[in-house]
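[1] quick one: sequence and predicted model below, then my questions.
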Amino acid sequence: MKDDTITPDEENLRSPKISTPGTSRSVTLDTNKPVLRNRQRQRSQSQPPTINYQSTRQIEQNKPFTNLILIILVILILFIASYVFIFYGPNILAYNKPEPIPTLLDIDIIDAPAILLIGKTGAGKSTLGNLLLKTSEYENPTFPVSDSFSSFTKKSGFATIKIDNKTYNVIDTPGIFDTDNPNEVTLEEIARTIRKCSYGIKAILFVIEAKRFTIEQKEMVNKIKLFLGDEALRYMITVFSFCDKKQTENLDNFKKSSWNKEFKDFINSMGNRWAISPNSDIFPPDNSVHQQRLRELWNHIISIDGVYTNELLKKARKKQEENARIAKEAEEKRKRKYDESRRREG
């Protein structure tokens, strides 16, 4: 059995003695006292830490290798980022990006097949153009819309659109029978526009109000046919504007109630191509009827073979000039005949 008695030597180890210089006394330190423990702890904390110089040298030796690894990683990240941006950047930037509003451009830079809007002043040409371009006529319209009988469009302008991944230029023209401009001025502006269409005209949208065929409308139809020529009918689509809810929803009833034989013959002469310009106040753009009517118009445009060219316009103008010459000669002949009869009587 172990003896737990503390010997003097062990007691000295636990309570070290410190000799006081110049005296024979020695002071026994009681390390169990809190004050002394705190002093010893402060001495140990004030001593500088031991530095492992061998580990420091190893770190310094490995530093160039570490820097090289970091440089390689940075280059690799930049390479991957460049690859992703080059091949996927356009799609990433375009994702969820609002579609830009088409801008009305000068007529001198037409670089794609055209969709030409023609018709009487106030018939709704500019409104139809905004519908095709999906821009509001109330907020930043591409084609300004007039509330009066005076045409807002004095010079032709166009904006670019895509249909089934093909680019076209929608061209708005001044209104025929405008109260401010004579028909000759308006038709000459349309002719100037057609001459600028080096890629031809894919479709001629003849915009007309949805009502019974009137004498004025008949006169306008004949004037357009004479001006553009009979061959223009191969590229023409009649588009009815200002349709009410019933007319827009029930096309068969609209034909029966509004078309007379003469107008039916005119529609048939252009391959029975006709459509309705939906009223956005009745059928908003997100409405299925609105979208269906515009899709019917797109289908007619796409189905047309070839384009109306400046050569066809020249041919029509030449025929028009020939008819005018014949009419003038006939008038002069009639006048001479009348003058001769007056001389005989006198």
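    Great, that's in hand.

[2] pLDDT score for residue 334?
    For residue 334, the pLDDT comes out at 90.

[3] contacting residues around it?
    Neighbour list for residue 334: empty [criterion: Cβ atoms under 8 Å, 6 or more residues apart in numbering]. For the C-beta atoms, the positions are set from N, CA and C on the backbone; glycine is no exception.

[4] element containing it?
    helix 310-345 (DSSP states H and E).

[5] what are the buried residues along that helix?
    If you call a residue buried by 16 or more other Cβ atoms under 10 Å, then helix 310-345 has these buried ones: 312-313, 316.

[6] and of these, the nearest to residue 331?
    residue 316 (22.2 Å; Cβ to Cβ).

[7] just give the closest residue to the closest one, not the sequence neighbours.
    Spatially, and ignoring its direct neighbours in sequence, residue 316 is nearest to residue 229 (2.9 Å; Cβ to Cβ, 6 or more residues apart in numbering).

[8] returning to that earlier point: between the buried residues of helix 310-345, which is nearest residue 340?
    Nearest member of the buried residues of helix 310-345 to residue 340, counting by Cβ to Cβ, is residue 316, at 36.3 Å.

[9] wait, the closest one touches residue 233, no?
    No - with contact defined as Cβ atoms under 8 Å, residue 316 does not count as touching residue 233 (11.3 Å).

[10] quick one, helices of the stretch 51-200 of the chain?
    Assignment of helices within the stretch 51-200 of the chain using DSSP state H, counting those that start in this stretch yields the ranges 53-94, 125-133, 183-196.

[11] what helices or strands is the shortest one leaning on?
    The criterion is 3 or more Cβ pairs under 8 Å, 6 or more residues apart in numbering; DSSP states H and E, and the helices and strands that helix 125-133 contacts are strand 114-119, strand 157-163, strand 166-172, strand 201-209, strand 236-241, helix 288-303.

[12] which of the ones you listed comes out lowest on mean pLDDT?
    strand 157-163 (a mean of 82).

[13] list the buried ones in that one?
    157-159, 161.

[14] repeat that for stretch 122-134.
    Going by neighbour count (16+ other Cβ under 10 Å), the buried part of stretch 122-134 is 122-133.

[15] got the CA coordinates for it in CSV?
    What follows is stretch 122-134, C-alpha atoms only, in CSV (Å, rounded to 0.1, in the frame of the first residue of the first chain):
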residue,chain,number,x,y,z
GLY,A,122,-58.5,57.5,-93.0
ALA,A,123,-59.1,53.9,-94.1
GLY,A,124,-56.8,52.5,-91.3
LYS,A,125,-53.6,51.9,-93.2
SER,A,126,-51.3,53.2,-90.4
THR,A,127,-53.4,51.3,-87.8
LEU,A,128,-52.9,48.1,-89.8
GLY,A,129,-49.2,48.8,-90.1
ASN,A,130,-48.9,49.1,-86.3
LEU,A,131,-50.9,45.9,-85.8
LEU,A,132,-48.5,44.0,-88.1
LEU,A,133,-45.5,45.5,-86.3
LYS,A,134,-47.1,44.8,-82.9
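
[16] residues in contact with the residue nearest to residue 316?
    Residue 229 neighbours (Cβ under 8 Å, 6+ apart): 312-313, 315-316, 319.

[17] just say which of the helices and strands packed on helix 125-133 is most tucked in.
    strand 114-119 (a mean of 26; mean count of other Cβ atoms under 10 Å).

[18] ok, and what's touching that strand?
    125-126, 128-129, 132, 158, 161, 168-173, 175-176, 190, 193-194, 197, 199-208, 220, 224, 301.

[19] so what strands line up beside that strand?
    If you go by DSSP bridges, strand 114-119 pairs up with strand 166-172 (parallel), strand 201-209 (parallel).

[20] quickly list the domain ranges of the protein.
    Split into domains by automatic domain parsing, the chain comes to 8-19+28-45, 60-97, 107-308.

[21] hey, which of those domains is tucked in deepest?
    It is domain 107-308: most buried of these by mean count of other Cβ under 10 Å, with a mean of 17.

[22] circling back to that earlier point, distance to residue 326 for the domains of the chain - can I get that in JSON lines?
    Formatted as JSON lines, the domains of the chain follow (distance: least, Cβ to Cβ, whole Å):
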{"stretch": "domain 8-19+28-45", "distance to residue 326": "121"}
{"stretch": "domain 60-97", "distance to residue 326": "58"}
{"stretch": "domain 107-308", "distance to residue 326": "14"}
